[in-house]
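K.L.:
Quick one, what's the 3D model for this:
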Amino acid sequence: MAGPTVDFWQARFEEGRLPWDRGVPSPRLLAWLNSGELPAGSRVLVPGCGRGWEVAALAKAGMRVTGIDYAAGALDACAAVLKEQKLDAVLQQADVLNWQPDDEIDAIWEQTCLCALHPDHWVNYAQQLRRWLRPGGTLAAMFMQIPGTAAAQGVIEGPPYHCDIRAMRALFTGEHWDWPKPPYEQVPHPMGTFELAVMVTRRAA
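P.N.:
Residues are numbered from 1 along each chain as shown. Model prediction:
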């Protein structure tokens, strides 16, 4: 399998090497929650949930949340955050390329999973997201942007991997997804780069 292994991620959580971790929920998630664009009571999935700041924020907002991660260390950290805040969510250790929910999902918070997967797996993962979401469901995506010399030369470096917006449009095509019109908000990231915040809707087709 191309890209990082479960041992790679487990080691980072055991050693506390988490440069992507804000230590708080994404400000864009909080803004979407405050605006009501992610309605309370929705069944929400957080693939690659990591330490779980967004899992906790969604649970606090009244969502029915499931967090998935490859590494046991990530889920242990997420469980600790939930316990500290006295919140409940379902946590599952699984490979997102194979996992299936027991029912369709209303919304997916996609922030750290796609950019952590080697691009060889992006088509499979995008198909998974479409399978998981109900028609009309929301993909609340934070597409990691790492422009630079390597990306300009076609070199694949990561994780995190550069999620060029043209590649994202090719993955989440207009045949199956409704996109808002650009420009998209740039959200600063702790690693010194930024994410593009895009809320995409799964079409019935």
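
K.L.:
which ones are touching the residue nearest the centre of the chain?
P.N.:
The C-alpha lying nearest the average C-alpha coordinate of the chain belongs to Glu110 (Cα atoms, centre = their mean; 2.3 Å). The neighbourhood of Glu110, defined by Cβ atoms under 8 Å, 6 or more residues apart in numbering, consists of 47, 129, 139-142. In short, each C-beta sits where N, CA and C put it, glycine included.

K.L.:
for Leu133, same thing?
P.N.:
With Cβ under 8 Å, 6+ apart, Leu133 has these contacts: 104-108, 139, 202.

K.L.:
Can you pick out the most distant pair from these?
P.N.:
Glu104 and Leu139 (13.1 Å; Cβ to Cβ).

K.L.:
more neighbours, those two?
P.N.:
Leu139 (21 against 13; other Cβ atoms under 10 Å).

K.L.:
quick one: the more buried one and Phe172 touch, right?
P.N.:
Yes: in this structure, Leu139 is within contact of Phe172 by Cβ atoms under 8 Å, at 7.2 Å.

K.L.:
burial measure for the residue nearest to Pro159 when sequence neighbours are not counted, as a count.
P.N.:
Distance criterion Cβ to Cβ, 6 or more residues apart in numbering; nearest residue to Pro159, sequence neighbours excluded, is Ala116 at 4.6 Å. For Ala116, the neighbour count with other Cβ under 10 Å is 24.

K.L.:
Tell me the helices and strands packed up against the helix or strand bottoming out on mean pLDDT in the chain.
P.N.:
Lowest mean confidence among the helices and strands of the chain (mean pLDDT, DSSP states H and E): helix 149-152, at a mean of 74. Contacting helix 149-152 under the criterion 3 or more Cβ pairs under 8 Å, 6 or more residues apart in numbering; DSSP states H and E is no other helix or strand.

K.L.:
hmm, back to that, possible to save the contacts of Glu110 as JSON lines with secondary structure?
P.N.:
Below are those laid out as JSON lines (DSSP: H, G, I helix; E, B strand; the rest coil):
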{"residue": "Pro47", "secondary structure": "strand"}
{"residue": "Leu129", "secondary structure": "helix"}
{"residue": "Leu139", "secondary structure": "strand"}
{"residue": "Ala140", "secondary structure": "strand"}
{"residue": "Ala141", "secondary structure": "strand"}
{"residue": "Met142", "secondary structure": "strand"}
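
K.L.:
quick one, strands of this structure?
P.N.:
43-47, 64-69, 90-93, 105-110, 133-145, 177-178, 185-188, 194-202 (DSSP state E).

K.L.:
any chance of those in JSON lines, with distance to Leu82 and mean pLDDT too?
P.N.:
Listed next are those as JSON lines, based on distance: least, Cβ to Cβ, whole Å; pLDDT from 0 to 100:
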{"stretch": "strand 43-47", "distance to Leu82": "12", "mean pLDDT": "98"}
{"stretch": "strand 64-69", "distance to Leu82": "9", "mean pLDDT": "97"}
{"stretch": "strand 90-93", "distance to Leu82": "8", "mean pLDDT": "97"}
{"stretch": "strand 105-110", "distance to Leu82": "15", "mean pLDDT": "98"}
{"stretch": "strand 133-145", "distance to Leu82": "20", "mean pLDDT": "97"}
{"stretch": "strand 177-178", "distance to Leu82": "31", "mean pLDDT": "98"}
{"stretch": "strand 185-188", "distance to Leu82": "24", "mean pLDDT": "96"}
{"stretch": "strand 194-202", "distance to Leu82": "24", "mean pLDDT": "97"}
